[in-house]
Structures are given as structure tokens and as C-alpha cells.
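**Student:** following is a predicted model, sequence given first.
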Amino acid sequence: MSKKKETKKQLAHLFDATQCISCSACVLACSQTNFPEMINRQVNGWPWPASNIRQIRSEKRRPVTLLVQCQQCSEAPCVTTCPFGANYYDENGLVKTNPAKCVGCNYCIASCPYGARWSHPDTGLPVKCISDGCWDLIQAGGQPACVTACPAEARLFGDVLDPNSKISQKIKNSRTELLLPDSGTKPNFFVVVQK
């Protein structure tokens, strides 16, 4: 895999599985903010509203709802498999897609081990977190819609390279896990599993 460009920031998501109440407010907020044209429509094969957040329910140890989205990987397969250079890292460490370079081949969807990308049924182009609506919120000094909408405060978003950020403090003071840590993707999506 290609080396990621060094950045001064690494924006990342944190999902606190110990706080989540499975209300789906984050899923609906993502849908309304980023895909208003998809309200009351579903992504093919996903039994919930069109959103960049997938719900996975596990009954292994105890009933758990895991909310999965783009992991903003530091070694993202979607960046290396794109034959047209449409997927790239921005100055904040986020994985983004340039629609002007994308031809809709969807190799990036197939290469994502997290199943975090989907093809928009109207454009045929791949979609992922962070989409335009949430990016507008971040640039205006706010938080992504999923973070703002969560009534249980089970979500954080921020710079993990800043030791004083809320997300860094939460990671430091909690037991967190990465999803598919052996995949070689170096994900930047942290799941709190124990306080």
C-alpha cells in the first residue's frame, strides 16, 4: 500500500458502545444532512435509511449495536485500488473522493473491508462518510451530524493528534478497540468497549 501523506491533523470518529442506546438518531441525522433526496429510500441491500452509517447487531457476549462507517484509514484500500486517483487523503487526514475524477467503477466499494461505502442510486458514484453536508458543518466550526444528533453522547469527532482534544482524552481514559485491526488499514475509528 502507498504511504499516506503526513498531516498535521488526523480527524477521527469515536463510537462509545457502552453509551449507545440504539436509537438510530445518528443514522437519520446522517441521511437528512447528506442525502435529503434519499429520505424514505434505502440503499440496495441495507434494511435502514440511506446513510453513511451501517448498523450491525451482535449477540455474542451480550446484545450490542455497532454503528460502522468510514474508518478514515491511514492505509486506505479505497485510495490504492482506485485506478483514476479519485480517492485521496486531505490535509486533515480524511479519506475523500473527487467526483470529477470518479467514473463509478466502484472498486473502492469492493475494496473496503468495513463495507462502509455504497453506490448512490441516482449518480452511480460511491458515497462515504464524511459527505458534503457534514463537511460543510465541520468547516463552519461544528461537528458531523451524527455527533450532534446523538442524545446519549456516544459519539465524538476530532483530532487524535491533539492530546488535549476531547476525542484524545476519551481514548486515553477508556478501553477502545479498532475494527479489523489486522487488516493493515490503520483505521481511525475508535470504539469504546469499557470505561
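**Tutor:** Noted; the coordinates are in hand. Note that the structure is predicted; figures quoted are calculated from it, not measured. Numbers count the residues shown, from 1 in each chain.
**Student:** give me the next element, helix or strand, following the one helix or strand residue 135 maps to.
**Tutor:** When secondary structure is defined by DSSP states H and E, residue 135 falls within helix 132-139. Per DSSP H and E, helix 132-139 leads on to helix 145-149 as the next helix or strand towards the C-terminus.
**Student:** who does that following helix touch, helix- and strand-wise?
**Tutor:** Packed against helix 145-149, as judged by 3 or more CB pairs under 8 Å, 6 or more residues apart in numbering; DSSP states H and E, are the following elements: helix 25-34, helix 132-139, strand 155-159. For every residue, glycine as well, the C-beta is placed using N, CA and C.
**Student:** state the distance from the closest residue to residue 155 other than its chain neighbours to residue 157.
**Tutor:** Spatial nearest neighbour of residue 155, chain neighbours left out: residue 147 (4.5 Å); criterion: CB to CB, 6 or more residues apart in numbering. As judged by CB to CB, to the nearest Å, residue 147 and residue 157 stand 5 Å apart.
**Student:** ok, back up a step: okay, the angle between the helix holding residue 135 and helix 25-34?
**Tutor:** Angular relation of helix 132-139 and helix 25-34 on a 0 to 180 degree scale: 100 degrees, by axes from the mean of the first three to the mean of the last three CA atoms, to 10 degrees.
**Student:** kindly format the C-alpha coordinates of helix 132-139 as CSV.
**Tutor:** Below are the C-alpha coordinates for helix 132-139, written out as CSV (Å, rounded to 0.1, in the frame of the first residue of the first chain):
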residue,chain,number,x,y,z
ASP,A,132,-20.7,17.1,1.7
GLY,A,133,-23.4,18.1,4.3
CYS,A,134,-21.3,17.1,7.3
TRP,A,135,-18.2,18.6,5.7
ASP,A,136,-20.0,21.9,5.5
LEU,A,137,-20.8,21.6,9.2
ILE,A,138,-17.2,20.9,10.1
GLN,A,139,-15.8,23.8,8.0
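**Student:** quick one: buried residues of it?
**Tutor:** For helix 132-139, the buried set under the neighbour-count rule, 16 or more other CB atoms under 10 Å, comprises 133, 134, 135, 137, 138.
**Student:** between that helix and strand 155-159, how big is the angle?
**Tutor:** For helix 132-139 against strand 155-159, the angle between stretch directions is 60 degrees (the same axes, to 10 degrees).
**Student:** packing partners of the helix or strand of the chain with the lowest mean pLDDT?
**Tutor:** Using mean pLDDT, DSSP states H and E, strand 54-58 stands out as the lowest-scoring helix or strand of the chain, at a mean of 76. Packed against strand 54-58, as judged by 3+ CB pairs under 8 Å, 6+ apart, are the following elements: strand 64-68.
**Student:** what about stretch 103-122, average pLDDT?
**Tutor:** For stretch 103-122, the per-residue pLDDT values average out at 94.
**Student:** hang on, residue 177 in a helix?
**Tutor:** No. When classified by DSSP: H, G, I helix; E, B strand; the rest coil, residue 177 is found to be strand rather than part of a helix.
**Student:** that concludes my questions; thank you for your assistance.
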